[in-house]
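Q: quick one, what's the 3D model for this:
(one chain, ligands or ions: 2)
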Amino acid sequence: MGRAFVYVILGGGVGAGYAALEFTKRGVSHGELCIITEEPVAPYERPALSKGFLLPEAPARLPSFHTCVGANEERLTPKWYKEHGIELVLGTRVKSADVKRKTLLTATGETISYKILIIATGARALKLEEFGLNGSDARNVCYLRDLADATRIVDVMQSSIGGNAVVIGGGYIGMECAASLVINKINVTMVFPEEHCMARLFTPKIASYYEDYYKDKGVKFIKGTVLSSIDMNSDGKVTGVNLRDESHLPADMVVVGIGIRPNTALFEGQLTLEKGGIKVNGRMQTSNNSVYAIGDVAAFPVKLFGEIRRLEHVDSARKSARHAVAAIMEPEKTGEFDYLPFFYSRIFTLSWQFYGDNAGEVVHFGDFSGNTFGAYWVSKGHLVGSFLEGGTKEQYEAISKATRLKPAVEDLAELENQGLGFALAA
Ligand code: FDA
Ligand code: NAD
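A: Ligands and ions are numbered 1, 2, ... in the order given. From the prediction side, this is the model:
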């Protein structure tokens, strides 16, 4: 049994949705494009899962956040795919791939062949078991990667109101889920091994602003330690957690956000890997000419830094998807992907954006006791990264533009004095 398509997108997440829209804009014909995804729903904006989806009042629910609403584009509902002659193969896991034969084998036993494949398999959440612990099977231990995980968190939250949640991990998932748990009137303790939250991006000074804000909301922080074991009752529910520093925390629920691994397994030994992802060139093309990779799973050249990077953020998934489709459909007109890394988060009433690279020396600016402050990163005499909390649209555009220009910075003290003015004048 088998079907053949000109273009197949493997994975039905953010990248897949934006790629589909780009294919239609560039004139794909009915019946040429197929998307295969393990998830039972059409591509959606994954960032909604840790924000609007977890709100107690008027929560976001599908179909409201199907791609591509996140970029103020058309919202691609299942009907849209049908109208555009795009085959959506939902709820179907691909269990093997053969890039020489140009075929994918699904868990339902179907062979799907392609002329061009786009790998958009994203990543999976790391499990406690991978750190030598157990407990992931417990009913009230939650991860957050897909709609099923988010639905489970909502269920568990509803039976934990007024109770205690332990959040393991101080990264994006930890911070955004902790905020949502507080909004749902659950007492939160965050546990992570680093000295401060968001250690991959924030400076200690930036982190302390957010930690103080969270503490005002009642969140407790236990830093510099990790989980050592989980206490479970006879119903298979967690009742508490034990930490390596010997403290014990009672828990009605546990949320785990300890990082991700890109879903590369189907292609290991067939395509070149780098930085834990599938290596692509500036056209998002892998070591096999007929195969492209986008989003979290792709390690691509970031021209601005002259380095291969793998990014785990939605803007990169959206733009790499569009670029891959442009390179496939209009190869002569499409140059190298020239991407400025962009990360953001929204928590409680706070909102920040970051552009570029957090390398080199840091200069902070603005009012850390007020609502608007930021930081610049300067490496080899040039501005390479900018962070801003509480900015206006114009201010965010200014830091984005300035970071892309990589202006020379001769005097860090002067940069500190100028603060946001430096970006606005660049
Ligand atoms: P994505 O993970 O979106 O999609 C991968 C798809 O492939 C899934 O549908 C999966 O089921 C499918 N798949 C994988 N293997 C398969 C197989 N073998 N067979 C069939 N299907 C398979 N970023 C940001 O910049 N700002 C933000 O606020 C947030 N917020 C946020 C919240 C939450 C809860 C998460 C989990 C993530 C974010 N992110 C984010 C990150 C952002 O969502 C992420 O970078 C993109 O979703 C990546 O898009 P991809 O298309 O690469 O993978
Ligand atoms: P992360 O990499 O942001 O953070 C992982 C955290 O795990 C670290 O900060 C660390 O505190 C913690 N950790 C590592 N080992 C640990 C251990 N043994 N015990 C306890 N804690 C440990 O990953 P995440 O928060 O799990 O997020 C998953 C993915 O989702 C990332 O790709 C992220 O970019 C994405 N995401 C992004 C956003 C956003 O951009 N706003 C929001 C949500 C999720």
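Q: need the next SSE after whichever strand or helix holds Ile308, C-terminal direction.
A: If you go by DSSP states H and E, Ile308 is part of strand 307-310. Per DSSP H and E, strand 307-310 leads on to helix 314-329 as the next helix or strand towards the C-terminus.
Q: restrict that next one to CA atoms and write it as CSV.
A: Below are the C-alpha coordinates for helix 314-329, written out as CSV (Å, rounded to 0.1, in the frame of the first residue of the first chain):
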residue,chain,number,x,y,z
VAL,A,314,9.0,29.7,17.1
ASP,A,315,10.3,32.6,14.9
SER,A,316,13.1,30.5,13.7
ALA,A,317,10.7,27.6,12.9
ARG,A,318,8.4,30.0,10.9
LYS,A,319,11.1,31.7,9.0
SER,A,320,13.2,28.6,8.2
ALA,A,321,10.0,27.0,6.9
ARG,A,322,9.4,29.8,4.5
HIS,A,323,13.0,29.9,3.4
ALA,A,324,13.1,26.2,2.7
VAL,A,325,9.9,26.4,0.6
ALA,A,326,11.3,29.4,-1.3
ALA,A,327,14.5,27.5,-2.0
ILE,A,328,12.5,24.5,-3.2
MET,A,329,10.0,26.3,-5.4
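Q: that one close to ligand 2?
A: No: on the criterion Cβ under 6 Å from any ligand atom, helix 314-329 is out of touch with ligand 2, staying 6.7 Å away. Every C-beta, even on glycine, is put in place using the N, C-alpha and C of the backbone.
Q: so what's the residue sitting nearest the centre point of the chain scoring on pLDDT?
A: The centre of the chain sits closest to His313, judged by Cα atoms, centre = their mean, with a distance of 3.9 Å. His313 carries a pLDDT score of 98 in this model.
Q: how many neighbouring residues does the closest residue to ligand 2 within the chain have?
A: Nearest to ligand 2, among the residues of the chain, is Gly171, at 1.9 Å (Cβ to the nearest ligand atom). Applying other Cβ atoms under 10 Å, we find 19 other residues in the vicinity of Gly171.
Q: and for the one 5 residues further on?
A: If you count neighbours by other Cβ under 10 Å, Glu176 ends up with 21.
Q: can you pull the contacts of it?
A: 50-51, 345, 347 (Cβ atoms under 8 Å, 6 or more residues apart in numbering).
Q: cool, and Leu388?
A: Counting by Cβ under 8 Å, 6+ apart, Leu388 touches 352-354, 372-374, 395-396, 399, 420.
Q: try it again at 7 Å.
A: Contacts for Leu388 (Cβ atoms under 7 Å, 6 or more residues apart in numbering) come out as 352-353, 374, 395-396, 399.
Q: tell me which element it falls in.
A: According to DSSP H and E, Leu388 maps onto strand 382-389.
Q: which helices and strands sit right next to the helix or strand following that strand?
A: Next along the chain after strand 382-389, taking DSSP H and E as the criterion, comes helix 393-405. In this structure, helix 393-405 packs against strand 350-356, strand 382-389, helix 420-425, with contacts taken as 3 or more Cβ pairs under 7 Å, 6 or more residues apart in numbering; DSSP states H and E.
Q: run a quick neighbour tally on the residue of the stretch 101-250 of the chain found nearest ligand 1.
A: The stretch 101-250 of the chain approaches ligand 1 most closely through Gly122 (2.4 Å), counting by Cβ to the nearest ligand atom. When neighbours are defined as other Cβ under 10 Å, Gly122 has 24 of them.
Q: now do Asp137
A: Neighbours of Asp137 under the rule other Cβ under 10 Å: 10.
Q: next, it: secondary structure please.
A: Under DSSP: H, G, I helix; E, B strand; the rest coil, the three-state class of Asp137 is coil.
Q: stretch 181-196 close to ligand 1?
A: No: if you take Cβ under 6 Å from any ligand atom as the test, stretch 181-196 misses ligand 1, and the best it gets is 13.6 Å.
Q: what residues of that stretch count as buried?
A: Within stretch 181-196, the residues that count as buried by 16 or more other Cβ atoms under 10 Å are 181-184, 186-192, 196.
Q: now swap in stretch 266-279 and tell me
A: Quick answer for stretch 266-279 (16+ other Cβ under 10 Å): 266-267, 270-271, 273, 277-279.
Q: quick one: mean pLDDT for that stretch?
A: pLDDT averaged over stretch 266-279 gives 98.
Q: ok, residues contacting that stretch?
A: Applying Cβ under 7 Å, 6+ apart, the set of residues contacting stretch 266-279 from outside is 94, 96-97, 99, 119, 261-262, 264, 286-288, 291, 293, 297-299, 308-310.
Q: drop anything exposed from those.
A: For those, a burial check counting by 16+ other Cβ under 10 Å picks out 94, 97, 99, 119, 261-262, 264, 286, 288, 291, 293, 297-299, 308-310.
Q: within reach of ligand 1, which of those are there?
A: Near ligand 1, judged by Cβ under 6 Å from any ligand atom, the entries from those are 94, 297.
Q: the host helix or strand of Val156: which residues count as buried?
A: Taking DSSP H and E as the criterion, Val156 maps to helix 147-158. Judged by neighbour count (16+ other Cβ under 10 Å), helix 147-158 contains these buried residues: 147, 149-150, 152-154, 156-157.
Q: name every sheet partner of the helix or strand following that helix and say whether each one runs parallel or antiparallel.
A: The first helix or strand that comes after helix 147-158 along the chain, using DSSP H and E, is strand 164-168. Sheet pairing of strand 164-168 (DSSP bridges) gives strand 187-192 (parallel), strand 253-256 (parallel).
Q: ok, back up a step: from Ser136, how far off is the residue of the stretch 101-250 of the chain closest to ligand 1?
A: Remark: distance between Gly122 and Ser136 (Cβ to Cβ, to the nearest Å) = 19 Å.
Q: how about Asn242?
A: Asn242 is 16 Å from Ser136, by Cβ to Cβ.
Q: please apply the same query to Ser290.
A: For Ser290, the distance to Ser136 - Cβ to Cβ - is 37 Å.
Q: helices of the stretch 1-150 of the chain, start to end?
A: 14-25, 78-83, 147-158 (DSSP state H, counting those that start in this stretch).
Q: so what touches the second one?
A: In this case it means helix 78-83. By Cβ under 7 Å, 6+ apart, the list of residues contacting helix 78-83 reads 42, 88.
Q: wait, Asn263 touches Ile119, no?
A: No: applying Cβ atoms under 7 Å, one finds Asn263 not in contact with Ile119, separated by 8.6 Å.
Q: so what's in contact with the two at the same time?
A: Common neighbours of Asn263 and Ile119, using Cβ under 7 Å, 6+ apart, are Val297.
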